[in-house]
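Novice: The following comprises the amino acid sequence and a computationally predicted model.
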Amino acid sequence: MTPQNHVFLPFTKPSIDEATIAAVGDVLRSGWITTGPKCTEFEKILSEYFGGRPVRCFSNGTATMEVALRVAGIGRGDEVITTPISWVSTSNVILGVGAKPVFVDVDPLTRNLDLNLVEAAITPQTKAIMPVYLSGLPVDIDRLYQIAHQHHLRVIEDAAQALGSMWRGDPIGSSRNIPSDLVSFSFQANKNVTTIEGGCLVMSTEAEAILAQKLRLQGVTRTGLDHIEVDVLGGKSNLTDINAVIGIHQIQQLPHFNNQRKELAKHYFKCFEKTNLVKGGLELPIPDFINSNWHMFQVVLPIEKLKRLGMSRSTIMQKLKDMNIGTGVHYPLITQFKLYKDLGYLPAHTPIAQRIGESILTLPLFPLMSNNDVERVVLGLETALLEV
């Protein structure tokens with residue numbers, strides 16, 4: 001069978017079973033389709049998962065981060081240290097509350113915020129650190145909080161991709177053995193657990209949770225049958241019961257989903273060992289099968305070799321697409337976007353991130369894949385890079 005005859009393999013695909021579909025139908029028939037009992041149930045399940053910490057759900061994982069900033073009291077004139085390798089929402093929400101993103105370069109191996117560089121970026125205006133756990137791989141959380149506590153900073157963990165990732169044997173976001181502040185998760189369609197669109201914010205106190213709940217729905221507090229009070233400016237980012245019931249069914253399958261991802265990732269490494277791609281300059285992710293949930297499997301292409309041959313990442317992506325293999329880019333360098341250039345940010349200030357943003361490539365990885373699919377992807381990438 002030629003590569004062109006293969007069924008298209010996307011870089012990700014959600015696993016939605018018939019029980020979930022039936023549960024959505026039940027919610028639709030119930031007549032209560034916006035935020036209601038299913039959202040409350042989902043929040044309770046998540047709270048138990050995170051060791052009893054307060055949790056509130058939102059319509060997306062961008063709102064969770066913006067609300068986290070507001071809960072932390074961050075606003076105009078403040079600075080937040082973060083990474084330039086993330087979806088642009090990470091820094092957009094910082095701008096959205098009137099604060100300034102301060103971009104620190106990434107570690108070339110983990111591709112996460114380089115904690116060795118963070119302290120040098122702290123100023124009197126710094127109020128928080130916002131790390132991103134790329135592909136579900138956490139930073140050194142103990143060291144992160146050591147830095148934060150030493151400098152009296154809040155931590156807002158952008159754990160959008162890290163549901164089910166671990167640190168010291170407990171889930172990211174848990175308070176059992178992990179120093180933890182505000183932790184934001186996404187349930188967008190490509191995440192390990194999806195509600196189609198959605199997210200949740202894990203907090204430390206009930207007071208923070210009450211404020212977050214106000215901020216997600218116009219600042220409203222309801223008491224009794226007819227009394228409404230508004231004492232804070234809120235927005236509109238509540239999660240519907242339709243989305244929540246999907247999450248309820250998905251979270252039950254998280255251990256299976258993540259185990260499948262890990263096994264597929266292990267097979268990727270075995271397959272790459274049989275090639276000369278790494279010797280040729282291809283960079284693989286860190287083979288962490290303890291902490292990472294393997295949300296994505298990403299390689300870094302030998303971009304300089306590609307350029308010398310008049311090729312680019314898009315050339316490789318097109319070659320793979322011609323073989324019916326889908327890929328993605330997660331993520332372009334944030335400071336290369338016009339919005340950020342116009343604000344005075346320079347890509348060259350974070351050279352490692354600049355190179356990774358130009359050359360990172362997301363390969364297919366999702367629970368419905370087989371080992372044969374992995375082998376097909378590695379063979380396809382080997383064929384696409386044959387000239388390099």
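Specialist: Sure, I can see it.
Novice: Report the backbone C-alpha coordinates of stretch 295-308 in PDB.
Specialist: Output in PDB follows, covering the C-alpha atoms of stretch 295-308 (Å, rounded to 0.1, in the frame of the first residue of the first chain):
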ATOM      1  CA  HIS A 295       0.100  15.300  25.400                       C
ATOM      2  CA  MET A 296       2.100  15.700  22.200                       C
ATOM      3  CA  PHE A 297       5.200  14.100  20.600                       C
ATOM      4  CA  GLN A 298       7.300  16.900  19.200                       C
ATOM      5  CA  VAL A 299      10.600  16.900  17.300                       C
ATOM      6  CA  VAL A 300      12.900  19.800  16.400                       C
ATOM      7  CA  LEU A 301      14.000  19.700  12.800                       C
ATOM      8  CA  PRO A 302      17.600  20.400  11.700                       C
ATOM      9  CA  ILE A 303      16.500  23.800  10.400                       C
ATOM     10  CA  GLU A 304      19.900  25.100   9.300                       C
ATOM     11  CA  LYS A 305      20.400  22.000   7.100                       C
ATOM     12  CA  LEU A 306      17.000  22.600   5.700                       C
ATOM     13  CA  LYS A 307      17.700  26.200   4.900                       C
ATOM     14  CA  ARG A 308      21.000  25.300   3.100                       C
END
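Novice: List the buried residues in that stretch.
Specialist: By neighbour count with 16 or more other CB atoms under 10 Å, stretch 295-308 contains the buried residues 295-303, 306. Using the backbone N, CA and C atoms, a C-beta is placed for each residue, glycine as well.
Novice: Redo those as CSV? Include pLDDT and distance to Lys338.
Specialist: Rendered in CSV, the data for those read as follows (pLDDT from 0 to 100; distance: CB to CB, whole Å):
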residue, pLDDT, distance to Lys338
His295, 98, 28
Met296, 98, 26
Phe297, 98, 30
Gln298, 98, 25
Val299, 98, 28
Val300, 98, 25
Leu301, 98, 24
Pro302, 97, 28
Ile303, 95, 22
Leu306, 95, 25
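Novice: As TSV, these with distance to Val202 and secondary structure would be great.
Specialist: Below are those laid out as TSV (distance: CB to CB, whole Å; DSSP: H, G, I helix; E, B strand; the rest coil):
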residue	distance to Val202	secondary structure
His295	17	coil
Met296	22	coil
Phe297	26	strand
Gln298	25	strand
Val299	31	strand
Val300	31	strand
Leu301	35	coil
Pro302	39	coil
Ile303	37	helix
Leu306	41	helix
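Novice: domain ranges for the chain?
Specialist: Following automatic domain parsing, one gets these domains for the chain: 18-252, 254-384.
Novice: For the helix ranked longest in the chain, buried residues please.
Specialist: The single longest helix within the chain, with elements called by DSSP state H, is helix 254-273. Buried residues in helix 254-273, counted by 16+ other CB under 10 Å: 254, 257-258, 260-265, 267-268, 271-272.
Novice: For Ala120, give me the pLDDT.
Specialist: Reported pLDDT at Ala120 in the predicted model: 98.
Novice: Of the buried residues of stretch 295-308, which pair is most distant in space?
Specialist: Greatest spacing in the buried residues of stretch 295-308, by CB to CB: His295 and Leu306 (25.8 Å).
Novice: ok, back up a step: could you list every helix and strand that the longest helix of the chain packs against?
Specialist: Counting contacts by 3 or more CB pairs under 8 Å, 6 or more residues apart in numbering; DSSP states H and E, helix 254-273 is packed against strand 297-300, helix 371-384.
Novice: Now do the first one: which elements does it pack against?
Specialist: The helices and strands touching strand 297-300, judged by 3+ CB pairs under 8 Å, 6+ apart, are helix 254-273, helix 351-359, strand 360-363.
Novice: again, 10 Å this time
Specialist: Judged by 3 or more CB pairs under 10 Å, 6 or more residues apart in numbering; DSSP states H and E, strand 297-300 is in contact with helix 254-273, helix 351-359, strand 360-363, helix 371-384.
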